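S.K.: no letters, just coordinates:
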């Protein structure tokens with residue numbers, strides 16, 4: 001089920017970093033902390049029609065052929081339900097394989113390794129304000 005922007009509601013952020021993790025542990029937090037867990041960084045952009053997932057490594061967006069944007073949460077729910085949408089013809093790359101299996105996601109996490117932004121530490125790069133919104137799912 002695609003997420004929809006609430007009419008007339010102001011949005012705090014128009015872009016969210018998001019992170020997909022394989023769901024072997026059953027928990028986003030445990031998946032984050034478990035070494036060897038597959039992961040993939042994406043961004044979510046707020047559009048008039050809802051949140052749109054944009055791949056960080058390829059020219060792929062989560063937009064259906066009838067122009068419905070899908071968030072990482074939408075993608076996770078569709079994967080669990082066994083649904084596979086028909087994607088827009090504007091995609092020039094295939095969807096990352098992590099989205100074809102059961103996965104969990106965290107909003108506000110830029111990287112697990114801390115090497116995307118200075119000061120380049122072994123700690124994850126995060127936006128703590130956005131990351132706190134995940135507590136209801138972890």
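M.R.: That came through fine. Note that the coordinates shown come from a computational prediction; the quantities given were computed from them, not determined experimentally.

S.K.: what does the model give residue 122 for pLDDT?
M.R.: Residue 122 is assigned a pLDDT of 71 by the prediction.

S.K.: quick one: contacts for residue 82?
M.R.: With contacts defined as Cβ atoms under 8 Å, 6 or more residues apart in numbering, residue 82 is in contact with no residue. Using the backbone N, CA and C atoms, a C-beta is placed for each residue, glycine as well.

S.K.: hmm, residue 63 and residue 45 touching each other?
M.R.: No - counting by Cβ atoms under 8 Å, residue 45 sits too far from residue 63 to count as a contact (10.7 Å).

S.K.: so what's residue 22 up against?
M.R.: Residue 22 neighbours (Cβ under 8 Å, 6+ apart): 31, 37-39, 98, 101-104.

S.K.: go with 6 Å
M.R.: By Cβ atoms under 6 Å, 6 or more residues apart in numbering, residue 22 lies in contact with 37-38, 103.

S.K.: out of those residues, which end up buried?
M.R.: 37, 103 (16 or more other Cβ atoms under 10 Å).

S.K.: narrow the contacts of residue 22 to those in strands?
M.R.: residue 103 (DSSP state E).

S.K.: please, where are all the helices along this protein?
M.R.: 28-33, 72-81, 128-131 (DSSP state H).

S.K.: looking at residue 45 and residue 63, which is more packed in?
M.R.: residue 63 (21 against 15; other Cβ atoms under 10 Å).

S.K.: roughly how far apart are the more buried one and residue 101?
M.R.: Going from residue 63 to residue 101 by Cβ to Cβ, to the nearest Å gives 21 Å.
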